Every structure is written in structure tokens, then in C-alpha cells.
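> A predicted structure for the sequence below; I have some questions about it.
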Amino acid sequence: MIDVEVDIGLEWRESSFGQSEAEKAVDAAVKVAGLQGLADYPFPVEVSIKLTDNDEIHALNREWREKDKPTNVLSFPMLDDSELQALRHPELVSGSINQPRPEGQEAKWTLKQVQGDEPEMELLLGDIILAYGVCKAEAAEKGIPLAHHATHLVIHGMLHLLGHDHIEDEEAETMEGLEVKALASMGLHNPYET
């Protein structure tokens, strides 16, 4: 399983969305993205989720996206396109893992090594950050529980970490389809139905 580190801010503590719900959303996104093999990697794969307030996400949105307003979710991927491709082919990963690579193929990327009592390899996919006030208002507007909306946003953010985007219409359609499929696997409705 992917390690999901969740930092739960004060406003979120009374909500029904927390560690367990975040883990289920990440798992659903990974499965629809066709990367369920990540759970079987011989090293930890991690994603960080921060449940915060509007002020913090506003500051991050201004700094990183030059948008001076709070938003519902931000994603900060740690891997580039070639590294994401390598996730689909773990035999191309270097490190302390002794997996054979095809003849003449060099490793495409190297895992970050964490020093401790024993050196350990880990892969950080990136960070997902949700703003409580924006998420709560959007959920109320849609007439759905906050936990369902937050689940959708974590799936959306996780798909960004796995290389999906919605800038072009075709990309958006693909990404929305994956989100709907992931939500359906969890028994949740299609958020794009009118």
C-alpha cells in the first residue's frame, strides 16, 4: 500500500474526512490510473496530504500559481514525465534494489535515500493540499457531504501527481473519466452530472 501521510488542520478535525478516507481516495486514484503495482513496490511509496485552511492555501496559490485567491485543492508533483513513465516499469529504477534491467538500459531515475539506522529507499509522489472553507462551501453548494467532496478532490489531486492534467479538452475529459470511475469504485456519485 502507498503510505499516505495526512496532516489534519484544526478546522478539519471535526469533519468526517481524515486519514482513512484519504487513504481510500489515494488507493482508488492509483487503481484507475493503472498503477496498482505501486502498492507492491519493494520500497515505500508516499504521498503527503495536508488538510488546511483558506488562508494557507490562498498564500500557496498566490506564490506558486500567481492566483490571488483561495482554491479547493493544490497538487505539487515531485516526479517529472520520464520519472512517471519509470513508475510503470520498476525494472528501470536504480537504487539498492537489485532488479534486472533490460540489456543496455540504464536506470531512468534514482530513488531518494533516507538515512537512519539502516538506509532506506522511498519515493515521494508529491503533496496534495485541501482548503477547508472552500471545500465546505462547494460541498454545501452541491448538496453533498464534505467528506464526499474532499474524497473527489484528493482523487483529483492524486491524478495530477500521477501525470494527468486538464488543460486541454481531451486531457480534461480523460481525467474526469478517471475521477468518475474512481468515485464509482467507492460508491460515490459522478460530480460532473448536471
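That came through, no problem. Numbers count the residues shown, from 1 in each chain.

> same for the top strand by length along the chain, what does it pack against?
If you go by DSSP state E, the chain has its longest strand at strand 120-131. Contacting strand 120-131 under the criterion 3 or more CB pairs under 8 Å, 6 or more residues apart in numbering; DSSP states H and E are the following elements: strand 45-52, helix 54-65, strand 73-77, strand 112-114, helix 146-161. The way it works is simple: take the backbone N, C-alpha and C, and place the C-beta from them, glycine included.

> for the ones you listed, which one sits closest to V32?
For V32, the closest of the helices and strands packed on strand 120-131 is helix 146-161, at 8.0 Å, according to CB to CB.

> and the closest one, average pLDDT?
On average, the pLDDT along helix 146-161 is 97.

> buried ones in the helix or strand harbouring A184?
A184 belongs to helix 169-185 when assigned by DSSP states H and E. Residues M175, E176, L178, E179, V180, K181, A182, L183 are the ones in helix 169-185 that count as buried (16 or more other CB atoms under 10 Å).

> Throw those residues into a markdown table and include distance to H189 and pLDDT, thanks.
Putting those into a markdown table (distance: CB to CB, whole Å; pLDDT from 0 to 100) gives the following:
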| residue | distance to H189 | pLDDT |
| --- | --- | --- |
| M175 | 17 | 94 |
| E176 | 13 | 95 |
| L178 | 16 | 96 |
| E179 | 11 | 97 |
| V180 | 9 | 97 |
| K181 | 13 | 97 |
| A182 | 12 | 97 |
| L183 | 7 | 97 |
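
> Quick check: the farthest pair among those residues?
Among the buried residues of helix 169-185, M175 and L183 lie farthest apart (CB to CB), at 12.6 Å.

> Many thanks, we can stop here.
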